[in-house]
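Chemist: Next come a sequence and a model predicted from it.
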Number of protein chains: 2
Amino acid sequence: MSIESERLAVLPPTSRRPGATSADVARVAGVSRSTVSHILNGQVTRFSEETVERVRETAARLGYVPSAAGRSLVLGRSDLVVLAVPNTTLTNVQDIIEAIAADLDDVGYNTVVHFDRGGGPADNLARLQHLVDTLRPAGLVDLGSLSPAALDALEEQGCPLLSPRPRNVRGVDEGNYAIARGQAEHLLERGYTTLAYAYLVDRRDDPFGRMRASVVAEVCADAGLAAPATISVPLDAAGAQTAVCELLRTRGAPVGIACSNDEVAVAVAFAALALRAAVPGDVGVVGVGGGSVGQLVTPRLSTVTFDVRTSVSSIRQAIGHALGGAEEPAGSVPEGTFTVLQGETT
Amino acid sequence: MSIESERLAVLPPTSRRPGATSADVARVAGVSRSTVSHILNGQVTRFSEETVERVRETAARLGYVPSAAGRSLVLGRSDLVVLAVPNTTLTNVQDIIEAIAADLDDVGYNTVVHFDRGGGPADNLARLQHLVDTLRPAGLVDLGSLSPAALDALEEQGCPLLSPRPRNVRGVDEGNYAIARGQAEHLLERGYTTLAYAYLVDRRDDPFGRMRASVVAEVCADAGLAAPATISVPLDAAGAQTAVCELLRTRGAPVGIACSNDEVAVAVAFAALALRAAVPGDVGVVGVGGGSVGQLVTPRLSTVTFDVRTSVSSIRQAIGHALGGAEEPAGSVPEGTFTVLQGETT
DNA sequence: TTGTAGGCGTTATCAG
DNA sequence: CTGATAACGCCTACAA
């Protein structure tokens, strides 16, 4: 052993070229590989204090890091978690990804992102399927791109679903339901009796938008109002004006417009103003998000805000529960996650 | 072999519970594991047409997907690529991540995201180090969070750097240099002789912002003007007004303000308007990005735009070169990646 | 043209 | 208390 130490002492202390293996640690520490494995995995009680210390010190000195590949192979699953990101008008996707990745990192897992791409749901599911098959991840976090059937299939194959299964109210998950209902009811409260829903154009396939539009329609029906018109708004001034102009022509004023996000809402509001419509008055506009520039411009945007941290908290809890041994998650979107922020456009 | 086929025929054709292994394929196809491995890895020429077909068909029928863990273990590196994302005011991080992940996916690699977190550069580097050690990724893509020394260290340890090493002009990479220079020169052209740089407040540590501010200062010095003031702008109307008011008090009007992104620029522009300053005139504002709502509001924002696809093209090329065998990348930011978009705030 | 054997790094089981 | 042994799924010489 002293010889080994001598040999190692010549090399740079903390880093060897291709990282040390547990066999290296065992050899240098003068024990067997299984002893190293046991000690480094917490089975400390059944070894002599002296051996434990020596193994730990040696591992640290050699900069030993367990190989994910080796672990995965023998454990049957990796320490990777797949994060499926929908191709939709999500506000602050970056912050959401970052928050979830941070949570996973805290409990020792790494995040593999999987974006929906062009090619349709079936193609995306096939890609995800392949990813799960080859990576054998410890779990899957879905941000909304997967159908219940797809989630079933993935779970059936032994890939635990870490995110809470959305509870559907007539095909609409709680979050989108609360958002759209908040928008529609706010517009009604502000006196608008003709509503419309504004999609963001060109988002390849947006299930969220369709859900929300249907909820707005439901609110209208419940209030005995005509079904809302829908418009498709591009994120440029001229195109937005065209869309809003067309809406005013067919439906007249006043009209309250629920928008798929704050960007669309800003486009709609300024388009209406450019068309010499009164905002609020002729046109009421309410967005979703609240985190972007909507609150910086004049007129200040009315919008449904939600705290990113709160809205991902159920996912965090579920992750903690499944992977970190935390307590049973509440499972429901907490009250007050979504609130209407009254601005100057309603 | 016919017996095996019979047995399998009873099960659902495409999916078995825990994915089939290459041994399964070999057994069912009536060949050895190495034959399966060879054929599935493209060594097709040296087997009989009939065998190749049978192996392929069997693999497809069993839904065989090679285990990443097994591959990684024997190959010494995984098919994962680590994407290091800086904790900075990057425009469209989501789009960038998505584009890069798509490219990597095209050449058969999966993307593991690594965000900078609180704790300082050393801590983040240590986390990244551990990630590289345990995952043995096929490569690393850096979006700007790593120092040259850190890149050296990582490469030294056998983790290829897929993103082009930034060529520094006095500590500022080409992209940030072009952006800040474009902003400053545009303001000068529009007649502003007093410049300022507006940081986004509260971004934990923003090397990009400091780089750009230094470039603006350099442009001022070259033009024989006073050094630019710097202000720190929060993304709320009141705070932005305070910051702009303070700037006008100390530096007077007119002042041209280069902003760290479009959100900040919108905040500054509307804050100036709320303070009854003329925009443009008393206050000139130029942002960076062009993709957000800056082009939807009135006054329309002057900004330095860059096409996300173009600006990540060098990374794409480098990835293709290193991983996909594409031709040698050009290596430099193409001319015209960054252009000034004249709006109504200068 | 195909098969055999060995090893990648880890963990679990069981024997000492 | 500690160590030998056997997988996990894959790839690649080398042998036939």
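Modeler: Everything's here; your move.

Chemist: End to end on stretch A:266-281, go ahead and measure it.
Modeler: Length of stretch A:266-281, first residue to last, CA to CA, to the nearest Å: 16 Å.

Chemist: Check which residues of that stretch are buried.
Modeler: A:266-273, A:275, A:277, A:279-280 (16 or more other CB atoms under 10 Å in any protein chain shown). The way it works is simple: take the backbone N, C-alpha and C, and place the C-beta from them, glycine included.

Chemist: quick one, helices of the stretch 151-300 of chain A?
Modeler: A:174-189, A:207-222, A:237-251, A:262-274 (DSSP state H, counting those that start in this stretch).

Chemist: which stretch among those helices comes nearest DNA strand D?
Modeler: Proximity to DNA strand D (CB to the nearest atom of the strand) singles out helix A:207-222 among the helices of the stretch 151-300 of chain A, at 34.2 Å.

Chemist: before we move on, back to that, please identify which two of the buried residues of stretch A:266-281 are farthest apart in space.
Modeler: With CB to CB as the measure, no two of the buried residues of stretch A:266-281 lie farther apart than A:Ala267 and A:Pro280, at 16.3 Å.

Chemist: Now stretch A:98-115 - C-alpha only, CSV.
Modeler: Extracted in CSV, the C-alpha atoms of stretch A:98-115 (Å, rounded to 0.1, in the frame of the first residue of the first chain):
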residue,chain,number,x,y,z
GLU,A,98,-34.4,25.7,-14.5
ALA,A,99,-36.4,25.3,-11.4
ILE,A,100,-37.1,21.7,-12.0
ALA,A,101,-33.6,20.9,-13.0
ALA,A,102,-32.4,22.6,-9.8
ASP,A,103,-34.8,20.5,-7.7
LEU,A,104,-33.7,17.3,-9.4
ASP,A,105,-30.1,18.3,-9.0
ASP,A,106,-30.7,18.7,-5.3
VAL,A,107,-31.7,15.1,-5.0
GLY,A,108,-29.0,13.8,-7.2
TYR,A,109,-30.6,13.5,-10.5
ASN,A,110,-29.7,15.0,-13.9
THR,A,111,-32.1,16.4,-16.3
VAL,A,112,-32.5,15.4,-20.0
VAL,A,113,-34.7,17.7,-21.9
HIS,A,114,-37.0,16.4,-24.6
PHE,A,115,-38.7,19.0,-26.7
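
Chemist: to the chain's geometric centre, what's the distance from that stretch?
Modeler: 10 Å (CA atoms, centre = their mean, to the nearest Å).

Chemist: how about low-confidence regions in chain A?
Modeler: Scanning chain A for pLDDT under 70 picks out the ranges A:1-18, A:88-91, A:202-205, A:325-335.

Chemist: For it, just list every one of the strands.
Modeler: A:80-85, A:110-115, A:139-142, A:168-169, A:172-173, A:195-200, A:229-233, A:255-259, A:283-289, A:302-306, A:338-341 (DSSP state E).

Chemist: Now tabulate those in CSV and tack on distance to DNA strand D.
Modeler: Formatted as CSV, the strands of chain A follow (distance: least, CB to the nearest atom of the strand, whole Å):
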stretch, distance to DNA strand D
strand A:80-85, 16
strand A:110-115, 18
strand A:139-142, 19
strand A:168-169, 36
strand A:172-173, 36
strand A:195-200, 42
strand A:229-233, 46
strand A:255-259, 48
strand A:283-289, 44
strand A:302-306, 43
strand A:338-341, 45
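
Chemist: Could I get these in a markdown table, plus columns for distance to B:Val81?
Modeler: Below are the strands of chain A laid out as a markdown table (distance: least, CB to CB, whole Å):
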| stretch | distance to B:Val81 |
| --- | --- |
| strand A:80-85 | 13 |
| strand A:110-115 | 10 |
| strand A:139-142 | 20 |
| strand A:168-169 | 36 |
| strand A:172-173 | 32 |
| strand A:195-200 | 31 |
| strand A:229-233 | 36 |
| strand A:255-259 | 37 |
| strand A:283-289 | 31 |
| strand A:302-306 | 33 |
| strand A:338-341 | 37 |
